[in-house]
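Visitor: next one to model:
(one chain, ligands or ions: 1)
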Amino acid sequence: MKNKEINGMRLEELKEYMSELGEQAFRGEQVFNFFHANRGVNIEDANTLSKKLREKIIKESNINKIKIYKKYESKIDNTKKYLFQLEDENIIESVLMEYKHGRSVCISTQVGCKMGCSFCASTKGGLIRDLTTAEMLNQVYEIERDINSEISNIVLMGSGEPLDNYEETLNFIKIITDEKGHNLSMRNITLSTCGVVPMIDKLAEEELSITLAISLHSAFDEKRQEIMPIAKKYSIDELIQACRRYVEKTGRRITFEYTLIEGVNDSVEDAEKLSELFKGLNMHLNLIPLNPIKEYNGEVASIRNIEKFKKILDNKNIRTTIRREMGQDISASCGQLRRSVLGDN
Ligand code: SAH
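Guide: Predicted coordinates:
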């Protein structure tokens, strides 16, 4: 029965699947190894398996493949943006960023997004579909193959809302951190959400040592509702309560993302209100200058204002970093490139 992609199955699932095919379960581990430890693509190359078994797997199973559709390299900072074509011809994007401490890949979790944040390009065409576990893994593996090197960090901050594709995202995290697979440290994974409160509680129950990032963008309900539709569903108070529960349950510090938009959320009152929200919470704040998109007429806040904003938070002992913009010359912000390639429909 061809259904679930075998390169998106967890080790236990794959062992079970091999038993269903009438094979010994340990073959599942060999297949897992092939895809995730060796980053194999074509099962024909899995020489720990007999030729007969390889043929059987090809006949019986689904194996996901994605291919590089286009690649852009920033001349400013070495950032690379990849557009991948999926088997159904949908296009998604991923970004590779080089830092002093290693390489980080930003991957997509959905084709498009239904969350509707006003300043975000990914959501402008709505949600097309969820990505499968294998499609998420393959973004990482294809980039590693392309640069012929391993990446050290993953951020789930590309197109899509990871908590709106919960099961596949969780499977992705479990597989990429499996010590028999890629063996990436959980601590090197960041999952970013616009704030789907019940799912934050659900995630807390998993007690993973990943970093949870919350896209906040305003400390005032009314303002947040104007730029983020999800805020109409869950108040900031409910969101922060969930964050407190999350920190308590997992012992992990939470990151907040705050995109500064001139005249919208960059005032002294905004900064002061923010600092109040964070009282007593183990957190870190990232200030991100808006990356202007043509579908939103907000302007990037001035450097002077961003620094002033940070100073207010510094004075209240809120740990704050101004994130540097990367890959500006290649539209490296969430969903921009995919849209410019697809056109506006
Ligand atoms: N849906 C998730 C993850 C994807 S968006 C989330 O909302 O967190 C990743 C981050 O990029 C979010 O903080 C989002 O608000 C931010 N972002 C989106 N478009 C942006 C833009 N044009 N300029 C700056 N940040 C942007």
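Visitor: give me the residue at the spatial middle of the chain.
Guide: In the chain, the residue lying closest to the centroid (CA atoms, centre = their mean) is L156, at 1.0 Å.
Visitor: wait, what's in contact with that one?
Guide: Contacts for L156 were tallied using CB atoms under 8 Å, 6 or more residues apart in numbering; they are C106, I107, T109, P162, T169, I189, T190, L191, S192. The C-beta positions use only the backbone N, C-alpha and C, and glycine is treated the same way.
Visitor: who does the first one bridge with?
Guide: The reference is to C106. Beta-bridge pairing for C106 (DSSP bridges): V95, V155.
Visitor: out of the contacts of L156, who's nearest the ligand?
Guide: Nearest to the ligand, judged by CB to the nearest ligand atom, of the contacts of L156 is S192 at 3.5 Å.
Visitor: and that closest one, what element?
Guide: Assigned by DSSP states H and E, S192 belongs to strand 189-193.
Visitor: same deal with E276?
Guide: helix 268-277.
Visitor: what packs against that helix?
Guide: Under the contact definition 3 or more CB pairs under 8 Å, 6 or more residues apart in numbering; DSSP states H and E, helix 268-277 sits against helix 303-315.
Visitor: run the last query once more with 10 Å
Guide: The helices and strands touching helix 268-277, judged by 3 or more CB pairs under 10 Å, 6 or more residues apart in numbering; DSSP states H and E, are helix 236-250, strand 254-260, strand 283-289, helix 303-315, strand 320-322.
Visitor: how about it: buried residues?
Guide: Buried residues in helix 268-277, defined by neighbour count with 16 or more other CB atoms under 10 Å: D270, A271, K273, L274, S275, L277.
Visitor: follow-up on the earlier one: and the strand holding S192, what does it pack onto?
Guide: strand 102-106, strand 153-156, helix 166-176, helix 197-206, strand 211-215, strand 254-260.
Visitor: go again using 6 Å as the cut-off
Guide: strand 153-156, strand 211-215 (3 or more CB pairs under 6 Å, 6 or more residues apart in numbering; DSSP states H and E).
Visitor: do the first one and the ligand meet?
Guide: No - applying CB under 6 Å from any ligand atom, one finds that strand 153-156 is not in contact with the ligand, the shortest distance being 6.7 Å.
Visitor: that older thread, which of the helices and strands packed on helix 268-277 sits closest to Y99?
Guide: strand 320-322 (12.9 Å; CB to CB).
Visitor: ok, residues contacting that closest one?
Guide: L285, N286, L287, I306, K310, L313 (CB atoms under 6 Å, 6 or more residues apart in numbering).
Visitor: next: stretch 47-54.
Guide: Contacts for stretch 47-54 (CB under 6 Å, 6+ apart): Q30, I43, E44.
Visitor: which of the helices or strands spans the residue lying closest to A231 once chain neighbours are set aside?
Guide: Nearest residue to A231, sequence neighbours excluded (CB to CB, 6 or more residues apart in numbering): R224, at 4.0 Å. Using DSSP H and E, R224 sits within helix 221-227.
Visitor: near the ligand, which residues of the protein show up?
Guide: Residues of the chain lying near the ligand (CB under 6 Å from any ligand atom): 115, 117, 119-120, 157, 161, 192-194, 215, 257, 259, 288, 290-291, 293, 333-334.
Visitor: sorry, back to before: can you give me the offset of the strand holding S192 from its chain's centre?
Guide: 6 Å (CA atoms, centre = their mean, to the nearest Å).
Visitor: now that strand and helix 236-250, what's the angle there?
Guide: Here strand 189-193 runs at an angle of 160 degrees relative to helix 236-250 (axes from the mean of the first three to the mean of the last three CA atoms, to 10 degrees).
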